[in-house]
Every structure is written in structure tokens, then in C-alpha cells.
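show me the folded form of this:
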Amino acid sequence: MRFSFWTGNGQSWEDTLEGCRYAEATGWDGIWYADHFMPNEENVDQPIHEAWSVLAAIAASVPRVRIGPLVAGNTYRNPALTAKIATTIDHISGGRVVLGIGAGWQENEHEKYGFDFSTLKGRLDRLDEAVEVITSLLANVRTEYQGTHYTLTDAPLDPKPIQAKVPLLIGGGGRKRTLRTAAMHADEWNYWGMPSDIEELCGVLDAHCEDVGRDPSSIQRSACALMFISEDEEKLSRFRDQDFGRATIVGTPAEVIDVVGQYREVGLDELIVPDFTFGPLKRKKESMDLFIEQVAPEFR
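Residues are numbered from 1 along each chain as shown. Coordinates of the predicted model:
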């Protein structure tokens with residue numbers, strides 16, 4: 001299994017860079033960054049950095065690890081521009097980029113910036129077309145595309161990425177549309193979820209793969225979960241009964257090993273750990289070390 005570090009985009013650039021360099025130096029496999037412009041809450045004045053700009057800087061500053069957005073909102077950029085940005089960062093990184101993309105969901109960003117939010121169906125229709133556009137641009141000398149939402153005319157993408165195939169990651173858990181799009185186009189799929197959630201959705205993804213004639217094993221699967229890891233039971237007790245509104249792992253290293261083992265049993269290839277619960281840098285590094293030194297070796 002791979003274990004990757006997701007650094008929050010509300011931090012200063014200096015703290016972001018230090019955390020990412022620390023993750024690389026201590027053996028994490030990847031670095032992910034959310035594509036948002038403001039929080040999804042009333043406090044919209046909290047500073048938030050733009051994802052692709054930060055990823056370009058990480059590509060130049062942090063060696064070895066895979067990097068990518070988790071995930072780029074398709075509604076924020078023309079997909080041809082997204083393909084161009086990802087390709088440029090692939091060159092900056094020496095061939096380490098993963099192109100994560102999703103339909104877009106955070107309504108307040110669309111409202112504030114004037115992005116067309118459309119309907120859920122409209123956003124999913126755009127995503128279907130976008131991944132076709134991106135896949136063609138990355139693979140072909142020229143792309144002709146006439147869709148309902150996007151049109152390309154004899155469009156080049158030059159230079160091509162360094163990687164022979166930039167991995168396309170599709171994020172989301174929509175059973176009817178998003179997972180079918182992943183079955184048709186994705187190299188990787190991601191979802192916020194505990195092992196039981198991932199097992200259920202992997203079954204849906206596998207069924208879509210069978211329907212479209214795709215080998216399910218050709219799509220890698222990753223999951224995200226908040227984490228509270230500590231050897232201090234008194235500290236952990238404050239979090240065990242809380243509902244954080246999304247997948248959350250709370251435990252000692254031994255307990256976290258049990259949960260990661262469940263992820264492995266349901267076929268997970270990569271666990272992505274956000275730093276959102278780790279606190280300031282000193283405490284963050286302590287949590288990162290506990291995981292990468294005591295948990296990760298059990299699965300490598």
C-alpha cells in the first residue's frame with residue numbers, strides 16, 4: 001500500500017512547504033492538495049491558496065513523491081487548460097503528477113466567483129466530456145471535439161507529459177454517474193470513506209467496469225480519512241465519541257494498524273491522510289512520525 005500526505009490549503013506557504021518536505025524525507029509516498037478558493041462555511045475570509053499554483057511550487061521544491069489535486073473542480077477551468085496545467089507541472093516535477101478531477105460541489109465558490117454551478121446532472125455531464133477532452137489531449141497529436149459543453153478544433157497539447165501516461169484520478173462516490181465515469185476513464189479512483197464504505201463502492205465500480213468491458217484491476221483505489229493517532233489514551237478519549245461528519249480514524253498505532261488492515265482487505269491501494277487534525281507543525285510531525293514509523297511498515 002501507498003501512504004500519502006494531504007496538506008491543508010489554509011496554511012501559510014512556509015508551513016505547507018515544511019510539512020511537504022518533512023513528508024517526503026520521512027517516507028510518505030505522495031502529496032495531495034485540495035482545489036478550493038474559500039471554506040465551505042460562513043468564515044469565507046479565511047485565507048486559502050490556489051491548488052495548481054501550490055502544486056507547481058511543490059513540484060519544484062519537493063523530490064520523489066507523487067503530487068496532485070484532490071481533486072480539481074472541473075467547473076473552475078476549461079478541461080483543456082487543466083490538461084495543459086497538469087502537463088506543465090509534470091515537467092516541473094520530472095514526471096510525478098497525478099491529474100485528479102471531479103465534478104465540483106462547493107456551491108459558495110461558484111456563487112462568489114461567478115462559476116456556473118448548473119445542476120448535479122449538468123456538472124456530471126460536463127465531467128464526462130472533460131475527461132474525454134483531457135484523455136484525448138494527453139494522448140493525441142491533435143484533438144477535435146464537439147460536445148454539448150466543450151469544443152476543441154485541431155487542438156494540440158505540446159509538449160506532452162514526461163510520463164507515458166499521466167494517471168487520471170476521478171474522485172467521488174456517485175453510484176450511477178461518477179463511478180461509471182471512473183470505470184470508463186480513470187486510472188485511479190478516490191473517496192472519503194471507512195473500509196466498509198470503500199468495500200461497498202468498489203463493488204459498484206467493479207460492476208460498472210464489467211458493464212463497459214474494463215478490467216476492474218486496472219483501476220487503483222484510494223481513500224481519505226481524518227486521523228487522530230497517539231499513544232496517549234487520555235488525549236484520544238476526547239475524540240473517540242465525536243462525530244466529525246466524515247470518515248475518521250481514532251486510535252493508538254496498534255488500533256490504526258487494525259483499521260488500515262481492513263482497508264487492505266477490501267482492496268485499497270493508497271490511504272491518504274489529511275493533516276487537518278494534526279495541529280501546528282511540531283505536533284503535526286509527531287503524528288506523521290507515529291503513522292509512518294509504526295503503522296506504514298506493516299503494509300509495505
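
go ahead and confirm residue 4 touches residue 275.
No. Residue 4 lies out of contact with residue 275 (CB atoms under 8 Å); the separation is 11.2 Å. Where you see a C-beta, it was placed from the backbone N, CA and C, and this is true even at glycine.

so who does the nearest residue to residue 1 once chain neighbours are set aside touch?
Distances taken as CB to CB, 6 or more residues apart in numbering put residue 299 closest to residue 1, at 4.4 Å, once the chain neighbours are dropped. By CB atoms under 8 Å, 6 or more residues apart in numbering, the contact set of residue 299 is 1, 3, 260, 261, 264.

mark which of the residues you listed are part of helices, please.
Within the contacts of residue 299, residues falling in helices by DSSP state H are 260, 261, 264.

buried stuff in the lengthiest helix in the chain?
The longest helix of the chain (DSSP H) is helix 120-139. Residues of helix 120-139 classed as buried by neighbour count (16 or more other CB atoms under 10 Å): 123-138.

quick one: contacts for residue 50?
residue 37.

go on, residue 77?
Applying CB under 8 Å, 6+ apart, the residues near residue 77 are residue 85.

mind checking how far residue 8 is from residue 46?
Per CB to CB, to the nearest Å, residue 8 is found 11 Å from residue 46.

helices of the protein, start to end?
Counting by DSSP H, the helices of the chain are 13-25, 51-61, 79-93, 107-113, 120-139, 178-185, 195-212, 233-237, 253-265, 281-290.

mean pLDDT and distance to residue 245 for those - can I get that in CSV?
CSV is the format used below for the helices of the chain (pLDDT from 0 to 100; distance: least, CB to CB, whole Å):
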stretch, mean pLDDT, distance to residue 245
helix 13-25, 98, 24
helix 51-61, 98, 22
helix 79-93, 98, 29
helix 107-113, 95, 17
helix 120-139, 98, 20
helix 178-185, 98, 20
helix 195-212, 98, 14
helix 233-237, 95, 19
helix 253-265, 98, 18
helix 281-290, 97, 20
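
just name the most buried of these.
Neighbour counts (mean count of other CB atoms under 10 Å) averaged over each of these peak at helix 178-185, with a mean of 23.

who touches that one?
102-103, 124, 127-128, 131-132, 135, 168, 170, 172-173, 189, 201, 204-205, 208-209, 211-212, 214, 219.

which residues does the nearest residue to residue 231 once chain neighbours are set aside contact?
Closest residue in space to residue 231, ignoring its immediate chain neighbours: residue 252 at 5.9 Å, by CB to CB, 6+ apart. Residues in contact with residue 252 (CB under 8 Å, 6+ apart) are 229, 230, 231, 233, 236.

isn't the third one right up against residue 255?
No. Contact between residue 231 and residue 255 fails when scored by CB under 8 Å: they sit 10.7 Å apart.

let me know the outermost residue of this structure.
Distance from the centre of the chain peaks at residue 234, with 32.1 Å (CA atoms, centre = their mean).

residue 252 versus that one, what's the distance?
For residue 234, the distance to residue 252 - CB to CB - is 12 Å.
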